[in-house]
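Chemist: quick one: sequence plus predicted model below, questions after.
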Amino acid sequence: MELNDPEAMTIATVDSDGLPDARMVLCKGVDARGIVFYTNIESAKGSELKGQPRAAALFHWKSLRRQARFRGAIAQVSAAESDAYFASRPRGSQIGAWASQQSRPLAARSELEAAVETYERRFGSGEVPRPDYWRGYRLAPVEIEFWRDRPSRLHERIRFTRSGPEAAWEKRLLYP
């Protein structure tokens, strides 16, 4: 497992012109319903997911010589789920969620630092509530592929597909 951020995954979306976009996020939950991550819904990825609520996710664990790929529909998690996760974050990350206008232009780093100070004063030593624009998303996979490095680039690939979130999975081996 990667020592630094084993839960790091690439999330890929498309913009309104169909241009792909990808960035690293942290997977914060996995269950039978899918994979969960959190972000500012007003960010580039939030806008892209609102316009095209489908995505791909990739975990790559170089040290293990493994990767796992997921594709499927995206939906926001409940406000209660978002609240619970937000409350578990370190205070600095909670303040950062308020201070950052994620994906928008920043004139100077000092602007962000001033915003952090503003929110630190605003919330004092009290509880930091979750901003309305900060939510979780769940990717409900209809395709999962596991890849394992093998000698001579004859890698092992196993793909599972289903027609929808409630359908049965079909398993296929793939050529490398």
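Modeler: Yes, it's here. Residues are numbered from 1 along each chain as shown.
Chemist: CA only for contacts and neighbour counts going forward, please
Modeler: Noted.
Chemist: who does whichever strand or helix holds R157 touch, helix- and strand-wise?
Modeler: In this structure, R157 is located in strand 156-161 according to DSSP states H and E. Judged by 3 or more C-alpha pairs under 8 Å, 6 or more residues apart in numbering; DSSP states H and E, strand 156-161 is in contact with strand 134-148, strand 170-174.
Chemist: mind putting those in TSV, mean neighbour count, distance to S100 and mean pLDDT included?
Modeler: Shown next, in TSV, are the helices and strands packed on strand 156-161 (neighbours: other C-alpha atoms under 10 Å; distance: least, C-alpha to C-alpha, whole Å; pLDDT from 0 to 100):
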stretch	mean neighbour count	distance to S100	mean pLDDT
strand 134-148	21	11	98
strand 170-174	12	42	98
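Chemist: redo those as a markdown table? Include distance to G34.
Modeler: Compiled in a markdown table, the helices and strands packed on strand 156-161 are given as follows (distance: least, C-alpha to C-alpha, whole Å):
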| stretch | distance to G34 |
| --- | --- |
| strand 134-148 | 4 |
| strand 170-174 | 17 |
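Chemist: hey, what's the angle from the strand holding R157 to strand 170-174? Just curious.
Modeler: 150 degrees (axes from the mean of the first three to the mean of the last three C-alpha atoms, to 10 degrees).
Chemist: list the strands paired with strand 156-161, with their directions.
Modeler: On the basis of DSSP bridges, the sheet neighbours of strand 156-161 come out as strand 134-148 (antiparallel), strand 170-174 (antiparallel).
Chemist: and it, how far out from the chain middle?
Modeler: Here strand 156-161 is found 22 Å from its chain centre; the criterion is C-alpha atoms, centre = their mean, to the nearest Å.
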